[in-house]
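[1] only geometry, no sequence info:
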């Protein structure tokens, strides 16, 4: 059978098996095993378990359960609520200050937890009701939290970026640093949108009140005294110190990324024990249950995705596909656009981890040949996959919000997140024009 | 039992609830709870080991040689030992797009086929894990680091975890028969 036929068969079989509803981990394992049986020497099938072990036994990959543990510890505590409440007390003078506080809280929280869903539910579960109580429209409140949550896969310690660094053989420290600039850019864009949208809703509420209609809570003014603002600090400072401390340990040359993951998890557990008194079994149980559930699922997908790409590379499918793409001699940006669209479409069905591991061997060589900086591309690819979290049909964050704010209809949530999809597209365009937004920080840092 | 992690989510309906299979599932639930608790402890221990690695090197100038490897073993163990517990809650995610498209009868068939294929793959993989363990044990294989712990440890964790997962999948495949009675 020709290379092309095997490649097409591999792709077709993967789609068929995935869509049958078999769990992604087992589906990828099944396809890989079936192709090993049919097209590879009999001896190779004997080493399948060893392949999976050897691919998984990477300390970088195994930081993922620890970052999930850290995120769960902070996510299940009241830290998210305290964070945005404190930020609101300090930002209330800005029009739409509460919305801005929610976005900034999402960014900071994401930088501690590294997960979009965790950020969404931690900030949203109290942030959405609070915004609605103050007259924000349902879609606006839901959109802010949904979009804010996506910062989780861009800011370090993003699990998506860890996998990308492994798949693309790039330095994790560099990839993490490259996520910061775009993360801040998105936070700023979201916050600016919050201010503009708030002003529009405020004007509408005002004119309605003047015409003798209902008086929206939006018109009421917030006031915080200095002592109230100072009182809000002690609960969030430890977490900000955790965030900065972990970054310092990583980039100050004190700890490796894997050690940082372990250290972060232990410190997060200690912090919630000290700050919130969460040290009893009843407090720890949900943290560990969600850690084991999420990391068990994710690590098995990762292990089997690695087996899947091992088979793909053994059968020369990935190399031939990459060579074929290169031979098309697409112009640089046409190639980029085609690949970006592929990632968008895959994002409809697959979680970011599988997209990265399955496509990296195919799409990265042509991108490299076309002269793209692979660290930069990792960040852009993450942003594209982030959009997948807030647009239908499977936007994970949409469903998280639907769960934590059941009174807001799916349609309102989708309409509310839509402007943020445009903002993210805009940010990606900016990043293409000014790649320094991503590369400046790592370049400067590693120049020393 | 409250010494472990409690089942905090609702159970999917396709778990055997009565008869012999129900009784086996009840025993398996106990085992899963123990294994999930061990996995949670292993994850926490890996965190502690890596923290010790930083602290030991930074404050006491102790060279780090065994910590990364031990953490790998702990986290591989956590992943595989909890696999059945995750499966019992249908926590291994799949693409369920067809669920909303197919008529109910066809969708039932799809689900059974999906479970049978999952079972077949996991049983095969499980068999290869045991074979790998046997080989590593017979040859006394170790990792190639200076510390050089036996590879039968992680292979054994994989083999045990996969075996329990296979049992859990088997019970889920058979559940429709058990729950019809």
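    Perfect, thanks for sending it. These figures come from a predicted structure and were not determined experimentally.

[2] spatially nearest residue to residue B:137 (excluding sequence neighbours)?
    With sequence-adjacent residues excluded and distances taken as CB to CB, 6 or more residues apart in numbering or on different chains, residue B:137 is closest to residue B:152, at 4.7 Å. Backbone N, C-alpha and C define where each C-beta goes, glycine included.

[3] list the buried residues of stretch B:88-99.
    Buried residues in stretch B:88-99, counted by 16 or more other CB atoms under 10 Å in any protein chain shown: B:88-89, B:91-92, B:94-95.

[4] tabulate those (a markdown table), appending pLDDT and distance to chain A.
    Conversion of the buried residues of stretch B:88-99 to a markdown table gives the following (pLDDT from 0 to 100; distance: CB to the nearest CB, whole Å):
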| residue | pLDDT | distance to chain A |
| --- | --- | --- |
| B:88 | 92 | 11 |
| B:89 | 89 | 7 |
| B:91 | 87 | 5 |
| B:92 | 87 | 4 |
| B:94 | 83 | 4 |
| B:95 | 79 | 5 |
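
[5] which residues sit in contact with residue 67?
    Unless you meant another one, I'm taking chain A. A:114, A:157, A:159, A:162, A:261, A:264-265 (CB atoms under 8 Å, 6 or more residues apart in numbering or on different chains).

[6] you answered for a different chain; I wanted chain B.
    For residue B:67, the contact set (CB under 8 Å, 6+ apart) comprises B:49-50, B:52-53.

[7] top of those residues by neighbour count?
    residue B:50 (31 neighbours; other CB atoms under 10 Å in any protein chain shown).

[8] how about the secondary structure of the residue lying closest to that residue once chain neighbours are set aside?
    Nearest non-adjacent residue to residue B:50, counting by CB to CB, 6+ apart: residue A:262, 2.5 Å away. Residue A:262 carries the three-state label helix when classified by DSSP: H, G, I helix; E, B strand; the rest coil.

[9] now chain B against chain A: closest residue?
    Per CB to the nearest CB, residue B:50 is where chain B lies closest to chain A, at 2.5 Å.

[10] packing partners for the longest helix seen in chain B?
    The helix that spans the most residues within chain B, counting by DSSP state H, is helix B:19-60. Helix B:19-60 is packed against helix A:63-75, helix A:257-276, helix A:281-314, helix B:67-81, helix B:83-88, helix B:152-180, with contacts defined by 3 or more CB pairs under 8 Å, 6 or more residues apart in numbering or on different chains; DSSP states H and E.

[11] contacts for the shortest one, please.
    Helix B:83-88 is contacted from outside by A:292-293, A:296-297, A:300, B:11, B:15, B:28-29, B:31-33, B:35-36, B:39, B:92, B:161-162, B:164-165, B:167-169, B:172, using CB under 8 Å, 6+ apart.

[12] centre-most residue in chain B?
    Residue closest to the average C-alpha location in chain B (CA atoms, centre = their mean): residue B:83, at 2.2 Å.

[13] which residue packs closest to it, ignoring adjacent ones?
    Nearest residue to residue B:83 in three dimensions, chain neighbours excluded: residue B:165, at 4.4 Å (CB to CB, 6+ apart).

[14] also residue B:53?
    residue B:67 (3.9 Å).

[15] any figure for the gap between that neighbour and residue B:170?
    Per CB to CB, to the nearest Å, residue B:67 is found 38 Å from residue B:170.

[16] which residues touch residue B:131?
    Residue B:131 makes contact with A:46, A:49, according to CB under 8 Å, 6+ apart.

[17] that one and residue B:155, how far apart?
    From residue B:131 across to residue B:155, the span is 10 Å (CB to CB).

[18] list residues touching both of the two?
    Between them, residue B:131 and residue B:155 share the contacting residues residue A:49, judged by CB under 8 Å, 6+ apart.

[19] by contact count, what packs against the helix or strand hosting residue A:358?
    Taking DSSP states H and E as the definition, residue A:358 sits inside helix A:352-369. Applying 3+ CB pairs under 8 Å, 6+ apart, one finds that helix A:352-369 makes contact with helix A:24-39, helix A:159-168, helix A:281-314, helix A:317-327, helix A:332-347, helix A:374-390.

[20] residue in the stretch 51-200 of chain A nearest to chain B?
    Closest point on the stretch 51-200 of chain A to chain B, by CB to the nearest CB, is residue A:62, at 4.2 Å.
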